[in-house]
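> Only the shape, not the letters, is given here:
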């Protein structure tokens, strides 16, 4: 059964960039197991919600609480170990894909046990010969899907997905959305204006510009 314990709480958040107000008095709760899409126009600052939780930027005022712990410079490093974050500007560095996957496998002894890397590659339509390629040879869509595979390998239960389907065709968009939305124990916060997320009935949509949930 999905827990109703708040995972993320934004408390009276104000944020501005170059004297332009981006967030004004935002209070928002995301519960464990929620599938939340943050919607809004491109350039409106939607991704700042994820950056605030991860400590990449600081609010002008207000507090952010993650799983009962106040997010600050002392706690944010432990928080980041609990979240898999994928953004649309996928940066996987250089090197052979297989070497990258092997390295990720060494980061946790309890790698995702229910699905193998080979099965994940198949689920997201990544060819087996891709693992012998250099990361820089991959297309934008291949890099996005490889980043998703790596995020799942890290065996975390909180996913921040920032426009992760932007380079994919409709078939692959559906595969990615169906996979994440089918996991009841995963908390997914998705920044997107893609209908594949917005039109799914289990998703809760937060209108970033209005600062409230859509009905």
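Looks like it came in fine. Here the structure is a predicted model, which is why all the values come from computation and not from measurement.
> Bridge partners for the spatially most central residue of the chain, pull those for me.
With distances taken as C-alpha atoms, centre = their mean, residue 160 lies nearest the centre of the chain, 1.7 Å away. On the basis of DSSP bridges, residue 160 is bridged to residue 85, residue 189.
> Would you confirm that it contacts residue 85?
Yes. In this structure, residue 160 is within contact of residue 85 by C-beta atoms under 8 Å, at 4.4 Å. Using the backbone N, CA and C atoms, a C-beta is placed for each residue, glycine as well.
> Report the distance from the host helix or strand of residue 174 to the chain centre.
Assigned by DSSP states H and E, residue 174 belongs to helix 170-181. In terms of C-alpha atoms, centre = their mean, to the nearest Å, the centre of helix 170-181 is set 14 Å apart from its chain centre.
> for the lowest-mean-pLDDT helix or strand in the chain, packing partners?
Within the chain, confidence by mean pLDDT, DSSP states H and E is lowest for helix 97-107 among all helices and strands, at a mean of 81. With contacts defined as 3 or more C-beta pairs under 8 Å, 6 or more residues apart in numbering; DSSP states H and E, the packing partners of helix 97-107 are helix 140-153.
> Tell me the first helix or strand C-terminal of the least confident helix or strand of the chain.
Downstream of helix 97-107, the first helix or strand assigned by DSSP H and E is helix 117-123.
> Quick one: list the elements packing against that following helix.
With contacts taken as 3+ C-beta pairs under 8 Å, 6+ apart, helix 117-123 sits against helix 140-153.
> low-confidence ranges in the chain?
Counting by pLDDT under 70, the ranges of the chain that qualify are 1-4, 89-90, 107-114, 215.
> switch the cut-off to 50
Along the chain, segments meeting pLDDT under 50 span 1-3, 111-112.
> quick one: contacts for residue 199?
Shown in contact with residue 199 (C-beta atoms under 8 Å, 6 or more residues apart in numbering): no residues.
> contacts for stretch 142-151?
Contacts of stretch 142-151 from elsewhere in the structure, counted by C-beta under 8 Å, 6+ apart, are 84-86, 88, 90, 92, 97, 100-101, 104, 117, 120-121, 124-126, 130, 135, 138, 159, 164-168, 172, 176.
> I figured residue 36 was touching residue 207, is that so?
No. Counting by C-beta under 8 Å, residue 36 stays clear of residue 207, with 11.5 Å between them.
> So for those two, which residue has more residues nearby?
Remark: of residue 36 and residue 207, residue 36 carries more neighbours, 21 against 13, as counted by other C-beta atoms under 10 Å.
> Quick check: next helix or strand after whatever helix or strand the more buried one lives in?
Assigned by DSSP H and E, residue 36 falls within strand 35-39. Using DSSP H and E, the helix or strand that follows strand 35-39 in sequence is helix 48-53.
> Centre of the chain to the helix or strand just after that next one, how far?
Once helix 48-53 ends, the next helix or strand along the chain (criterion: DSSP H and E) is strand 61-66. Here the centre of mass of C-alpha atoms in strand 61-66, compared against the chain's by C-alpha atoms, centre = their mean, lies 19 Å away.
> now swap in stretch 124-136 and tell me
The answer for stretch 124-136 is 22 Å, by C-alpha atoms, centre = their mean.
> now stretch 66-85
Here stretch 66-85 is found 14 Å from its chain centre; the criterion is C-alpha atoms, centre = their mean.
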